[in-house]
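S.K.: predicted model and sequence below, questions to follow.
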Amino acid sequence: MDKIVIEGGKPLKGEVQVSGAKNAALPILAAALLAPGESIMRNVPDLQDVRTFTALLRFLGARTSVEGSVVHIDASTVNRPEAPYELVKQMRASVLVLGPLLARFGKAKVSLPGGCAIGARPINLHLKGLEAMGARISLERGYVIAEADRLKGAEINFDISTHTGTENLMMAATLAKGRTVLINAAREPEVEELARILNKMGARISGAGTNIIEIEGTDDLEPFDHAIMADRIEAGTFLVAGCLPGSDIIVKGCLPEHLGSVISKLGQSGVDVEPTARGIRVRGTERPEPVDITTAPYPGFPTDMQAQFMVLMCLSSGQSLITETVFENRFMHVSELQRMGADISVRGRSAIIRGQERLCGAQVMATDLRASASLVLAGLAAENTTEVLRVYHIDRGYERIEEKLGKLGCRVKRVAGSA
Ligand code: EPZ
C-alpha cells in the first residue's frame, strides 16, 4: 500500500486546476444505463471510484472505453441487471444502478452496501421511494431484489435529505408512467448536474437544485454527451491548503457559488478568499481566527469538508466547535491529528478544538477519503515530516493529489508499496 511523505511548513504558490466531480461522475455513469446506445462523458476524473463504477457497468453487460478524461459507455448490451457484493462493498455508490436498472429492465439485484467507516449509511429511503413507485422489493442473502412491470409516478417525501437517494429516484422516475414529485429532495449541485444530463437525454425534470423536484415520466431516453462539473470538494480542500501561512494560490474550475458556505467560513476565520476571473484566490494567514461549524445538507456546510476545516481550526488562535450532523462516525481523523499535537476533544457529535501554534509531523493512518485528505493538509502545515499511510483512501476521490500539491511548491512524494 502506498504512502505519501510530506515535508511541512512550505507556503503554497501558484494555480491548481480542479478535476471533474467524483460525486457527479458516479450518478452520471449510472444514468447511461437508462438509454440504449453510446453515451460520452467528458472531464471525468481518473479515480479509483470511477474505475470501480465502469467495472460494474461492464459486469452488467455494458461496453466501456476510456480515452484520457473521456469515458464512452454503450448500454445497448446490458444483459445482467445485477450488482455483486464484491463490487458494491468497494464503493457504496454502486447502489445508484438500482433505479436505472429497475426503470429500464423492470428488475434489479443489487447487493446491500453494508456500513462503512463513517456510518451505517442505510438505503431504506431509496427502497421506500421505489416501493412507492410500485416496485416489489425483497431482501435475500444481503441482496436487494427489485421488480416492477413498469414503475408509476408517485409523491415521495424524504424523511431526511439524501443525496444519492434523490439521484436514484430521480433516475427511476424518468421512465415511470406519470408524474413523480420528490419532496425534501437533496439540493446538492451534483443533483442539479444529473438532472441537466437526464433532460439532455429526453427526460422532463424541473425543480432540481430546490427541495421539490418534479419528473414527468417518458417512454424512452437517448444517450448523452456531456462534460461534467468541477469537484467542489476537491476545490474546497485546496482552498484550505491555501490558508497556510505565506500561501497565495488560485483554485481554478469550481464555481464559487458551489462553495458558498465554505468560503464564508474561511472568510470568518480571517483568511482572504476572493473569486477572480481566473478562479478562487486564497491567501494564507499567520493564525486563523476560531470559527464554529455545523455540517448540513447543501447549501449548508458540507460534511465532506468537515475534516479539512478541522485542520485549519487546529491552528487557530482560540477554541472552536465542530458539529457533524450528517454521519454518525466522521471524526476518525481526530485521533490521528492528536498524534500530530492537535488539542481536540470529542463529545458525541461535536468536537472541541483548541488551536495551537503548530502541529508536529508524524506517521499517521488514513481511514476514509476525507479524513485522509485532512491528514495531508495537516502534514503541509506541520513541522518536519509527515507520512500518511494507506493512501488508497485518498485515491478514491483525489486525482494525483501529490502532483497537484507539488506544482504548488509543496514537498510531497508518493512512496509505493509500503506497509
Ligand atoms: C453522498 O453520500 C456523497 N456520495 C457523500 O460523499 C456525501 O458525504 C453525502 O452524500 C452527504 O453529502 C456520493 O454522492 C457518491 P446521504 P450519500 O444519502 O448519498 C442517511 C465523499 O466523501 N440516509 O445524503 O450516501 C445517511 O445514513 C462521500 O465523497 C438514511 O438514513 O449520503 C446519512 O446519515 C462520503 N437512509 C444521511 O442520510 C437512506 O436511505 C445523508 O446521507 C439514505 C441516507
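M.R.: It's in.
S.K.: got the residue ranges for the helices in the stretch 201-350 of the chain?
M.R.: 232-241, 260-268, 306-314, 333-338 (DSSP state H, counting those that start in this stretch).
S.K.: save these as JSON lines, and put in distance to residue 216 too.
M.R.: Quick note: C-beta positions are derived from backbone N, CA and C, even for glycine. Output for the helices of the stretch 201-350 of the chain, formatted as JSON lines (distance: least, Cβ to Cβ, whole Å):
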{"stretch": "helix 232-241", "distance to residue 216": "29"}
{"stretch": "helix 260-268", "distance to residue 216": "31"}
{"stretch": "helix 306-314", "distance to residue 216": "37"}
{"stretch": "helix 333-338", "distance to residue 216": "44"}
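S.K.: between these, which gets nearest to residue 9?
M.R.: helix 232-241 (13.0 Å; Cβ to Cβ).
S.K.: got the CA positions of the closest one in PDB?
M.R.: Once non-C-alpha atoms are left out, helix 232-241 reads as follows in PDB (Å, rounded to 0.1, in the frame of the first residue of the first chain):
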ATOM      1  CA  ARG A 232     -16.300  21.400  -5.300                       C
ATOM      2  CA  ILE A 233     -14.900  19.300  -2.500                       C
ATOM      3  CA  GLU A 234     -11.500  18.900  -4.200                       C
ATOM      4  CA  ALA A 235     -11.700  22.700  -4.700                       C
ATOM      5  CA  GLY A 236     -12.500  23.300  -1.000                       C
ATOM      6  CA  THR A 237      -9.700  21.000   0.000                       C
ATOM      7  CA  PHE A 238      -7.200  23.100  -1.900                       C
ATOM      8  CA  LEU A 239      -8.700  26.300  -0.500                       C
ATOM      9  CA  VAL A 240      -7.900  25.100   3.000                       C
ATOM     10  CA  ALA A 241      -4.400  24.200   1.800                       C
END
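S.K.: what angle separates it from helix 306-314?
M.R.: Helix 232-241 and helix 306-314 meet at an angle of 10 degrees, taking axes from the mean of the first three to the mean of the last three Cα atoms, to 10 degrees as the criterion.
S.K.: show me which residues of the stretch 151-300 of the chain sit near the ligand.
M.R.: Residues of the stretch 151-300 of the chain found near the ligand (Cβ under 6 Å from any ligand atom) are 160, 162-165.
S.K.: returning to what we had before: can I get the helices of the stretch 201-350 of the chain in CSV including mean neighbour count and mean pLDDT?
M.R.: What follows is these, written out as CSV (neighbours: other Cβ atoms under 10 Å; pLDDT from 0 to 100):
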stretch, mean neighbour count, mean pLDDT
helix 232-241, 27, 98
helix 260-268, 18, 98
helix 306-314, 28, 98
helix 333-338, 22, 97
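S.K.: can you pull out the strands in the stretch 101-250 of the chain?
M.R.: 107-111, 136-140, 143-147, 155-157, 179-183, 204-206, 212-216, 225-227, 248-252 (DSSP state E, counting those that start in this stretch).
S.K.: CSV for these, including mean pLDDT, mean neighbour count and distance to residue 235?
M.R.: Formatted as CSV, those follow (pLDDT from 0 to 100; neighbours: other Cβ atoms under 10 Å; distance: least, Cβ to Cβ, whole Å):
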stretch, mean pLDDT, mean neighbour count, distance to residue 235
strand 107-111, 96, 22, 31
strand 136-140, 96, 11, 37
strand 143-147, 96, 19, 34
strand 155-157, 98, 16, 31
strand 179-183, 98, 19, 27
strand 204-206, 98, 16, 26
strand 212-216, 98, 20, 25
strand 225-227, 98, 14, 17
strand 248-252, 98, 20, 5
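S.K.: reformat those strands as a markdown table; add distance to residue 68.
M.R.: Output for these, formatted as a markdown table (distance: least, Cβ to Cβ, whole Å):
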| stretch | distance to residue 68 |
| --- | --- |
| strand 107-111 | 30 |
| strand 136-140 | 39 |
| strand 143-147 | 35 |
| strand 155-157 | 38 |
| strand 179-183 | 35 |
| strand 204-206 | 30 |
| strand 212-216 | 33 |
| strand 225-227 | 13 |
| strand 248-252 | 19 |
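S.K.: so which of those is nearest residue 409?
M.R.: strand 248-252 (9.1 Å).
S.K.: returning to that earlier point: among the residues of the stretch 151-300 of the chain next to the ligand, which one lies nearest to residue 338?
M.R.: For these, the nearest to residue 338 is residue 163 (30.0 Å; Cβ to Cβ).
S.K.: ignoring the adjacent residues along the chain, who's closest to the closest one?
M.R.: residue 186 (4.6 Å; Cβ to Cβ, 6 or more residues apart in numbering).
S.K.: next one: residue 263
M.R.: Nearest non-adjacent residue to residue 263, counting by Cβ to Cβ, 6+ apart: residue 273, 5.1 Å away.
S.K.: residue 62 touches residue 71, doesn't it?
M.R.: No: using Cβ atoms under 8 Å, residue 62 makes no contact with residue 71, being 11.1 Å away.
S.K.: tell me the spacing between the residue of the chain positioned farthest from its centre and residue 136.
M.R.: Among the C-alpha atoms of the chain, the one most distant from their mean position (Cα atoms, centre = their mean) is that of residue 149, at 33.0 Å. According to Cβ to Cβ, to the nearest Å, residue 149 and residue 136 sit 10 Å apart.
S.K.: what's the overlap in contacts for these two?
M.R.: Common contact partners of residue 149 and residue 136 (Cβ atoms under 8 Å, 6 or more residues apart in numbering): none.
S.K.: related to what we said a few turns ago, next up, phi/psi of the residue farthest from the centre of the chain, please.
M.R.: Dihedral pair for residue 149: phi -60, psi -50, per degrees, to the nearest 10.
S.K.: close enough to count as contact, residue 5 and residue 416?
M.R.: No: using Cβ under 8 Å, residue 5 is not in contact with residue 416; the gap is 11.4 Å.
S.K.: what about the two, which has more around it?
M.R.: Between residue 5 and residue 416, counted using other Cβ atoms under 10 Å, residue 5 has the larger neighbour count: 18 against 7.
S.K.: isn't there a strand covering that one?
M.R.: Yes: under DSSP: H, G, I helix; E, B strand; the rest coil, residue 5 falls within a strand.
S.K.: any idea how far it lies from residue 336?
M.R.: From residue 5 to residue 336 the distance is 15 Å (Cβ to Cβ).
S.K.: next one: residue 256
M.R.: 31 Å.
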